[in-house]
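*Asks:* got a sequence here, can you build the structure:
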Amino acid sequence: MELAQLRHFVTIAETMSFTAAAGVLHMSQPALSYQMQNLERELGTRLFDRKGRRIQLTADGQLFLPLAQGVLYRANEAIRLLREHMGAEEGEVRLGSNPSVAAYIVPGMLAEFHKDYPHVRVQTLEGGDLDLQHMVQNGTVDFAVVTAFGSPQILEVTPLGTEYLRIVTSVRHRFAGRLSLELRELATEEFVLSDSSYNLTGQIRDACRRAGFEPRVLYEASSLEAVKNFVRQGLGISVMPAIALEGLGRQGLAVIAAEGGLTRDLSLIMAKERSSTRAIQVLIAQVKRSVMQHMSLLPGDLAGVPRYG
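*Replies:* Predicted coordinates for the structure are as follows:
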């Protein structure tokens, strides 16, 4: 049995057409049919039922498909790792991240990475923690930055630091002059929050409930930048990661600490026992440095820090 035969079989199974598979594989249909006949003869079973121009997997074919896909995946991984070892600094890295890190840390970090690895393509995917965990587990991303993880038995978890959350209002709001607030003081306020699919929104709601009230969410926005613009216009208050409120990002806003501290932890997750290319390893190291550096530069309180932008 040859890898080429497995590749031919998988391509036919995925396209459910000998004609389409032949086109994908850049070979003639008779040659492809001949290869499948040889594979079926070697295995001693039929993999496809042919009904005119239509085909479908037999029971044995359905059993064999994921096994063949696994062999091909491992073969491709072996080739990729060997090329990396030989110095071929190419390929693709897939990075998953929560929205705050994706928007405010990843762009600058990738600019640094590109200087040393200009031929590596980096795909970034943004999502909630549960979605990112699934992406790591099924291989959609190579690793991810999350605020919570639920499967430490199958994930390798590296703590990155603590992300501070701040109360944010318009500079015209009655709370704008305050250095700190207790969350319960926000019970009568109207909130602007991120889309409910983001973990941050659920964490804010939970914090408010622990303070004894259900937040009155008047508006939901699709991004942190949109939330800030809503707040600037006086449409409500919000709670946001401090990383989103650095420099010009706080213009037109009053940034207020939550008494007692309001934080969430950031972690890097990847699947245990999954091989990594050199480019993946370098990018992971860069993510760790960048996130930890940003977290260490953000003060735990707002003493001595301008509250307005």
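
*Asks:* what segments of the stretch 1-150 of the chain are strands?
*Replies:* 48-51, 54-57, 91-97, 120-126, 143-146 (DSSP state E, counting those that start in this stretch).

*Asks:* mind putting those into CSV with distance to Gly202, mean pLDDT and mean neighbour count?
*Replies:* Bear in mind the C-beta positions are built from the backbone N, C-alpha and C, glycine included. CSV is the format used below for those (distance: least, C-beta to C-beta, whole Å; pLDDT from 0 to 100; neighbours: other C-beta atoms under 10 Å):
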stretch, distance to Gly202, mean pLDDT, mean neighbour count
strand 48-51, 47, 84, 12
strand 54-57, 42, 86, 14
strand 91-97, 17, 88, 21
strand 120-126, 16, 90, 15
strand 143-146, 13, 92, 27
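
*Asks:* now for those strands, which one comes closest to Glu273?
*Replies:* strand 143-146 (13.6 Å; C-beta to C-beta).

*Asks:* name the next helix or strand downstream of that closest one, please.
*Replies:* strand 155-170 (DSSP states H and E).

*Asks:* for that next one, buried residues please.
*Replies:* Across strand 155-170, burial judged by 16 or more other C-beta atoms under 10 Å covers 155, 160-161, 163-170.

*Asks:* dump these into CSV; add distance to Ala103 and pLDDT as well.
*Replies:* Output for the buried residues of strand 155-170, formatted as CSV (distance: C-beta to C-beta, whole Å; pLDDT from 0 to 100):
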residue, distance to Ala103, pLDDT
Leu155, 24, 85
Leu160, 16, 89
Gly161, 17, 86
Glu163, 13, 84
Tyr164, 16, 88
Leu165, 15, 92
Arg166, 16, 93
Ile167, 20, 95
Val168, 15, 96
Thr169, 21, 95
Ser170, 21, 95
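
*Asks:* which one of those is nearest Gly212?
*Replies:* Of all the buried residues of strand 155-170, Gly212 sits closest to Ile167, with 16.2 Å by C-beta to C-beta.

*Asks:* name the nearest residue to that closest one, sequence neighbours excluded.
*Replies:* Counting by C-beta to C-beta, 6 or more residues apart in numbering, Ile256 is the residue found nearest to Ile167 once chain neighbours are left out, at 4.2 Å.

*Asks:* and what of Leu245?
*Replies:* Per C-beta to C-beta, 6+ apart, closest to Leu245 is Val255, 5.3 Å.

*Asks:* just the angle between the host helix or strand of the residue nearest to Ile167 and strand 155-170, please?
*Replies:* Assigned by DSSP H and E, Ile256 belongs to strand 253-258. Per axes from the mean of the first three to the mean of the last three C-alpha atoms, to 10 degrees, the angle that strand 253-258 makes with strand 155-170 is 120 degrees.

*Asks:* what does strand 253-258 contact?
*Replies:* For strand 253-258, contacts defined as C-beta atoms under 8 Å, 6 or more residues apart in numbering pick out 165-171, 173, 175-183, 228, 231-232, 239, 242, 245, 301-302, 307-309.

*Asks:* ok, stretch 58-65 next?
*Replies:* Stretch 58-65 is touched from outside by 9-10, 13, 43, 45-49, 57, with contacts defined as C-beta under 8 Å, 6+ apart.

*Asks:* buried residues of it, list them for me.
*Replies:* By 16+ other C-beta under 10 Å, the buried positions in stretch 58-65 come out as 61, 64-65.

*Asks:* residues in contact with the residue nearest the centre of the chain?
*Replies:* By C-alpha atoms, centre = their mean, the chain has its centre lying nearest to Gly96, at 2.1 Å. The contact partners of Gly96, by C-beta under 8 Å, 6+ apart, come to 124-127, 132, 135-136, 140-141, 143-146.

*Asks:* mind putting those into TSV with distance to Ala78?
*Replies:* Below are these laid out as TSV (distance: C-beta to C-beta, whole Å):
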residue	distance to Ala78
Thr124	26
Leu125	25
Glu126	31
Gly127	30
Leu132	27
Met135	23
Val136	21
Thr140	21
Val141	21
Phe143	20
Ala144	24
Val145	28
Val146	29
